[in-house]
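> Starting from these lines, generate the structure:
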Amino acid sequence: MTSAAETAADNDRRNVSDAVGVVVLGACAVWPLISAAGHDGRPE
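Numbering: from 1, shown residues only. Just a heads-up that it's a prediction; the model follows:
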């Protein structure tokens with residue numbers, strides 16, 4: 001939902017926060033793969 005008072009700066013800020021969220025989510029998804037690579041593969 002957008003409002004008439006929305007400015008280009010607001011859109012830029014939202015885009016930056018979305019990009020940061022994607023980076024954090026990607027890092028969380030990759031971390032188990034990185035940490036598992038450093039261990040012997042044994043199921044619990």
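> what about residue 28, neighbour count?
Residue 28 is flanked by 9 other residues according to other C-beta atoms under 10 Å. Using the backbone N, CA and C atoms, a C-beta is placed for each residue, glycine as well.
> Also residue 25?
10.
> Next, work out how far apart it and residue 34 are.
15 Å (C-beta to C-beta, to the nearest Å).
> For stretch 28-44, the averaged confidence score.
Per-residue pLDDT values over stretch 28-44 give a mean of 81.
> Show the residue spans covered by the strands in the protein.
Assigned by DSSP state E, the chain shows no strands.
> for it, what spans make up the helices?
8-37 (DSSP state H).
> Just want the most central residue of it.
Centroid check for the chain by C-alpha atoms, centre = their mean gives residue 22 as the closest residue, at 2.5 Å.
> Can you tell me how far it is from residue 10?
Distance from residue 22 to residue 10, counting by C-beta to C-beta: 19 Å.
> Kindly report the same for residue 18.
Applying C-beta to C-beta to residue 18 and residue 10 gives a distance of 13 Å.
> And for residue 36?
On the measure of C-beta to C-beta, residue 36 and residue 10 end up 41 Å apart.
> Same check on residue 23?
Taking C-beta to C-beta, one finds residue 23 at 21 Å from residue 10.
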